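> quick one, fold the following:
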Amino acid sequence: MINNKFVFVMPCFNAEDTITQSLLSVIGQSYGNWKIIIRDDMSSDKTRLIIDNIVKVFGLQEKIFVKTNKVKMWEVANILDMLKESEDNDIICRLDGDDWLTDLDGLVILNAKYNELNVDALWTSHRWSFTDQNISAMLPRNADPYTHPWVSSHLKTFRKSLINNVSDDNFRGSDGEYFKRIGDQAIYLPVLHNSKGNWHFEPRVMYHYTIKMEKETFQTEDAKFQKAEGEYLRKRGYLS
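Okay, the predicted model is just below:
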């Protein structure tokens with residue numbers, strides 16, 4: 001049994017109400033081979049103070065690494081920057097600062113699945129703000145991740161080596177700038193493309209996704225901007 005190292009990349013902004021639960025959901029894991037890399041994207045609340053206090057109280061200076069940006073970087077640029085602090089053999093796990101893991105044996109399960117199935121990418125079921133809502137599902141082995149409906153949602157994990165040779169253009173929009181609001185798809189679709197079907201959907205609920213499930217949630221200007229970015233990315237497809 002290989003004890004894979006799980007590296008959590010955590011972008012956060014004004015997450016003082018949730019960051020403690022996010023961090024404790026990893027700190028409390030029964031599997032200990034993990035580290036967390038955090039980018040505080042210019043929070044104006046107590047997010048950074050809370051993170052620093054948790055690191056100090058638990059003595060996790062060698063496990064949790066945090067940097068506060070001096071300029072706004074947004075989602076995709078932050079993730080790409082954090083990936084530079086991981087190794088090729090690491091398994092990358094996406095965890096937002098307002099979400100958390102729901103199973104304290106989650107990494108034991110993930111490690112067993114990666115060893116048993118020898119896959120390159122794995123995602124799980126999730127819950128939306130304590131409802132039964134879940135958009136994750138199986139992706140057929142022969143499917144094109146860019147044209148198939150989005151089913152590869154939380155908890156998204158992958159071997160770091162999958163993203164090493166992805167052209168930087170895949171992470172940029174029509175204006176040449178990094179995508180701002182579709183980090184899930186901008187990062188994971190190229191990963192799945194390079195996985196070439198060597199992926200696995202784990203149906204266990206292992207991730208809490210914080211979102212207000214209201215009609216107005218998807219009618220905001222921010223939601224429309226995110227939708228437009230996603231449509232452009234999918235229509236363009238993978239760039240070799």
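> ok, the residue positioned nearest the centre of the chain to Glu87 distance?
The centroid of the chain falls nearest to Arg94 when counting by Cα atoms, centre = their mean (2.0 Å). Distance of Arg94 to Glu87, given as Cβ to Cβ, to the nearest Å: 17 Å. Bear in mind the C-beta positions are built from the backbone N, C-alpha and C, glycine included.
> what segments of this structure are strands?
6-12, 34-40, 64-68, 91-94, 100-101, 121-128, 156-159, 199-209 (DSSP state E).
> next, count neighbours for Ile36.
23 (other Cβ atoms under 10 Å).
> repeat for Arg234
Around Arg234 there are 17 other residues, counting by other Cβ under 10 Å.
> got it, and Asn3?
11.
> go through the chain and flag its longest helix.
Counting residues, the longest helix found in the chain (DSSP state H) is helix 221-236.
> which strands and helices lie in contact with that one?
Packed against helix 221-236 by the contact rule (3 or more Cβ pairs under 8 Å, 6 or more residues apart in numbering; DSSP states H and E) you find helix 183-195.
> if we can go back for a sec, so can I have JSON lines of the strands of the chain showing mean pLDDT and distance to Gly176?
Formatted as JSON lines, the strands of the chain follow (pLDDT from 0 to 100; distance: least, Cβ to Cβ, whole Å):
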{"stretch": "strand 6-12", "mean pLDDT": "97", "distance to Gly176": "21"}
{"stretch": "strand 34-40", "mean pLDDT": "98", "distance to Gly176": "22"}
{"stretch": "strand 64-68", "mean pLDDT": "98", "distance to Gly176": "25"}
{"stretch": "strand 91-94", "mean pLDDT": "98", "distance to Gly176": "24"}
{"stretch": "strand 100-101", "mean pLDDT": "98", "distance to Gly176": "35"}
{"stretch": "strand 121-128", "mean pLDDT": "96", "distance to Gly176": "28"}
{"stretch": "strand 156-159", "mean pLDDT": "98", "distance to Gly176": "26"}
{"stretch": "strand 199-209", "mean pLDDT": "96", "distance to Gly176": "30"}
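> export those strands to TSV and tack on distance to Leu49?
Listed next are those as TSV, based on distance: least, Cβ to Cβ, whole Å:
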stretch	distance to Leu49
strand 6-12	13
strand 34-40	10
strand 64-68	11
strand 91-94	24
strand 100-101	19
strand 121-128	28
strand 156-159	28
strand 199-209	23
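> nearest to Pro145, out of those?
Among the strands of the chain, strand 199-209 comes nearest to Pro145, with 8.9 Å by Cβ to Cβ.
> angle of the lowest-mean-pLDDT helix or strand in the chain against helix 183-195?
One helix or strand of the chain scores below all others by mean pLDDT, DSSP states H and E: helix 221-236, with a mean of 89. If you take axes from the mean of the first three to the mean of the last three Cα atoms, to 10 degrees, helix 221-236 sits at 20 degrees to helix 183-195.
> got the buried residues for helix 221-236?
For helix 221-236, the neighbour count (16 or more other Cβ atoms under 10 Å) marks 226, 229-230, 233-234 as buried.
> can you lay out the residues you listed as a markdown table showing distance to Gly176?
As requested, those are arranged in a markdown table below (distance: Cβ to Cβ, whole Å):
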| residue | distance to Gly176 |
| --- | --- |
| Gln226 | 19 |
| Glu229 | 13 |
| Gly230 | 18 |
| Leu233 | 14 |
| Arg234 | 19 |
